[in-house]
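# okay, structure incoming, though there's no sequence with it:
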């Protein structure tokens with residue numbers, strides 16, 4: 001991360017289509033791009049950016065400076081799969097006139113049957129301003145007449161009245177970029193933190209003083225810092241299962257405004273320290289308002305919850321909030337609306353839900369704090385200084401009797417003190433007006449899950465019913481839970497929770513019990529029964545023949561599974577499934593599966609273990625083989641045949 005003090009007055013007139021970009025890059029003629037049939041050096045690419053040019057101008061007015069950011073791109077569609085890039089989304093923050101998307105100019109170019117260049121411009125009919133939530137919008141541009149061979153060209157401005165909203169430089173995309181460049185000149189009295197994200201090899205990374213003094217108002221003279229960053233042949237961002245958090249986001253440069261530094265003025269958004277950032281956060285409309293408005297939840301809470309105390313009451317409050325608030329599945333650092341009731345009409349984002357939980361626990365007199373951070377799939381936050389765009393997650397920290405409990409009430413069925421794997425991503429900021437601090441919520445040294453079930457035949461319904469107990473243990477900070485467990489990926493029907501959170505003790509275990517119909521299929525006089533009801537394990541996540549990044553599973557883990565299935569009267573097991581016992585050569589992983597038949601019952605036992613948290617690229621073939629063997633074991637089917645006579 002670097003500290004910049006800087007500014008810029010433009011390299012080209014943005015109102016002139018394409019004019020002046022030669023300063024940054026001399027693009028080839030449109031016909032040259034149209035005649036190109038393959039992306040150089042990477043055959044079979046569906047589409048690619050031939051160039052992506054970005055410039056930023058600080059425009060001076062009587063009241064200060066605003067920002068005009070311009071981007072110009074050219075995309076080539078090589079194959080049918082590339083036509084999806086004919087839709088371009090421009091995210092922006094819309095709060096009054098704080099930020100606007102302007103001067104949109106675009107066109108689709110094609111060659112006709114005679115080899116002539118055909119031009120189809122982007123018009124108002126191709127534009128849609130889409131509200132994501134609250135003040136966050138996207139300008140969606142749909143290019144006309146996009147097909148294989150098309151060249152798409154687009155230029156637009158993002159105009160902001162706030163210099164603190166300097167757009168980031170998104171260096172990497174999910175398609176390759178032949179050439180990309182960012183150029184800006186920034187007044188030396190504007191201070192920013194510049195954070196590099198991802199593994200990008202830059203061909204140019206220059207920052208220097210302009211050497212020319214300029215006038216600001218009647219009292220100040222200043223130089224500009226010239227920022228000139230360039231990259232060539234940027235590979236596409238490839239998403240792989242279980243990527244380490246530090247490489248789990250596209251390569252980019254984040255510009256985070258810290259303060260305005262003039263001889264008689266030192267002001268700004270306070271992003272240079274965690275204390276300043278927290279004070280700024282609690283003054284924003286969204287957090288300040290919500291921090292107070294969540295207290296209205298007190299009027300909705302049952303008196304017994306407000307009068308209770310201790311861990312058991314905290315669990316009751318947690319489960320009450322889960323039943324009152326609906327999550328829309330969107331992750332964001334800012335809440336959208338007030339506390340929601342679960343009527344399905346006004347769901348909230350994860351900040352809405354967990355700030356409601358914060359308000360409910362605080363109303364009952366608990367020591368509780370909001371936690372602000374990033375999910376694993378969003379990348380890790382910068383520990384040195386705040387960077388606003390890195391945050392997309394809000395959780396709750398409850399401190400009780402010397403123990404810390406990390407809570408996420410957004411996911412239905414998620415037990416108290418359990419966390420999604422995606423939530424466990426290193427440090428989160430404990431939001432406190434006077435004493436903010438980074439808190440590590442990464443899972444501990446190891447975790448163990450035990451799934452035990454009994455499956456009984458209901459002759460009256462000719463169906464299987466089952467009772468289950470799931471225990472989790474061994475995680476030091478926050479019990480980990482898979483979001484897909486039971487609610488989505490178990491094939492049980494009519495699931496009933498019998499006791500979601502009995503015996504919750506951090507660093508020890510949770511117990512979850514539930515029941516539901518066990519899935520079966522019929523084929524003539526046969527009953528087909530899956531050996532595993534847990535669909536998460538039914539296929540290997542590692543289907544690719546090669547691997548780019550290490551595999552990060554978060555922590556060593558073990559999954560044990562035991563289920564006893566009753567054989568209905570009049571049926572017999574056709575064949576006992578094959579036993580599988582696979583061990584990685586270095587002992588860092590194992591998979592065991594065995595089925596036995598005794599006294600009219602089938603007992604299935606399995607264990608899958610990863611002794612390491614992170615596995616290197618060279619270990620990929622062995623990890624892939626282990627997961628394939630696991631999938632082979634868990635996809636077997638029990639065949640029960642009706643006995644004759």
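Received, thanks. These figures come from a predicted structure and were not determined experimentally. Numbering: from 1, shown residues only.

# just the helices in this protein please.
30-35, 274-283, 285-293, 297-300, 303-307, 310-324, 350-363, 620-634 (DSSP state H).

# residue 206 pairs with what?
Using DSSP bridges, the bridge partners assigned to residue 206 are residue 228.

# quick one: mean pLDDT for stretch 111-124?
For stretch 111-124, the mean per-residue pLDDT is 94.

# with stretch 367-378 instead?
89.

# for the closest residue to residue 40 other than its chain neighbours, give its distance to residue 188.
Among residues not flanking residue 40 along the chain, residue 178 sits closest, at 7.3 Å (C-beta to C-beta, 6 or more residues apart in numbering). C-betas here are computed from N, CA, C, even on glycine. From residue 178 over to residue 188 the distance is 34 Å, taken as C-beta to C-beta, to the nearest Å.

# ramachandran angles for residue 391?
Dihedral pair for residue 391: phi -100, psi 130, per degrees, to the nearest 10.

# quick one: contacts for the residue nearest to residue 40?
39-40, 48-51, 232-233 (C-beta atoms under 8 Å, 6 or more residues apart in numbering).

# which one of those residues is nearest to residue 304?
Within the contacts of residue 178, distances to residue 304 taken as C-beta to C-beta reach their minimum at residue 49, with 59.4 Å.

# need the pLDDT of the closest one.
At residue 49, pLDDT is 97.

# tell me what the residue lying closest to it once chain neighbours are set aside is bridged to.
Spatial nearest neighbour of residue 49, excluding adjacent residues (C-beta to C-beta, 6+ apart): residue 177 at 4.1 Å. Assessed by DSSP bridges, residue 177 has beta-bridge partners residue 49, residue 234.

# can you list the weak-confidence ranges in the stretch 351-500 of the chain?
442-446, 472-500 (pLDDT under 70).

# which residues in it form strands?
367-373, 393-400, 403-407, 418-420, 427-430, 437-440, 447-458, 463-473, 479-481, 493-505 (DSSP state E, counting those that start in this stretch).

# mind listing what's buried along the fifth one?
To tie it back to what came earlier, the one meant is strand 427-430. Buried residues in strand 427-430, defined by neighbour count with 16 or more other C-beta atoms under 10 Å: 427-430.

# does that strand pack against any helices or strands, and if so which?
With contacts defined as 3 or more C-beta pairs under 8 Å, 6 or more residues apart in numbering; DSSP states H and E, the packing partners of strand 427-430 are helix 274-283, strand 367-373, strand 393-400, strand 437-440.

# how far does the last one sit from its chain's centre?
Going by C-alpha atoms, centre = their mean, to the nearest Å, the spacing between the C-alpha centre of strand 437-440 and its chain's C-alpha centre is 20 Å.

# tell me the strands beside that strand, with direction?
Checking strand 437-440 against DSSP bridges gives partners strand 427-430 (antiparallel).

# other residues contacting the strand it pairs with?
Contacts of strand 427-430 (C-beta under 8 Å, 6+ apart): 274, 277-278, 369-373, 380-381, 383, 386, 393, 395, 397, 436-441.

# for this protein, name the helix or strand with the lowest mean pLDDT.
strand 2-5 (a mean of 41; mean pLDDT, DSSP states H and E).

# hang on, the earlier thing: residue 628 is nearest to which of the helices and strands packed on strand 427-430?
Nearest of those (C-beta to C-beta): strand 393-400, 32.8 Å.

# paired strands for the closest one, with orientation please.
strand 367-373 (antiparallel), strand 403-407 (antiparallel).

# follow-up on the earlier one: ok, the buried residues of strand 427-430 vs residue 59, which is closest?
residue 429 (33.5 Å).

# mind checking how far the closest one is from residue 100?
Taken as C-beta to C-beta, the span from residue 429 to residue 100 is 30 Å.

# ditto for residue 593
59 Å.

# who has more neighbours, these two?
residue 593 (24 against 15; other C-beta atoms under 10 Å).

# need the contact list for that one.
531, 577, 579-581, 604-606, 633-634.

# any idea of the pLDDT on it?
pLDDT, residue 593: 95.

# list the beta-bridge partners for residue 130.
residue 138.

# looking at the strands of the stretch 351-500 of the chain, which is nearest to residue 564?
strand 447-458 (5.3 Å).

# and the angle from the closest one to strand 463-473?
160 degrees (axes from the mean of the first three to the mean of the last three C-alpha atoms, to 10 degrees).

# and strand 447-458, what does it pack onto?
strand 463-473, strand 557-566.

# would you mind listing the buried residues in it?
For strand 447-458, by 16+ other C-beta under 10 Å, it's 447-451, 453-455, 457.

# can you check stretch 310-322 too?
Applying 16+ other C-beta under 10 Å to stretch 310-322 flags 311, 313-322 as buried.

# how far away from the center of its chain is it?
27 Å.

# one step back: who wins for proximity to residue 135 among the strands of the stretch 351-500 of the chain?
Of all the strands of the stretch 351-500 of the chain, strand 393-400 comes closest under C-beta to C-beta, at 16.7 Å.

# need the helices of the chain in TSV (columns: distance to residue 558).
Formatted as TSV, those follow (distance: least, C-beta to C-beta, whole Å):
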stretch	distance to residue 558
helix 30-35	54
helix 274-283	37
helix 285-293	40
helix 297-300	39
helix 303-307	36
helix 310-324	26
helix 350-363	29
helix 620-634	13
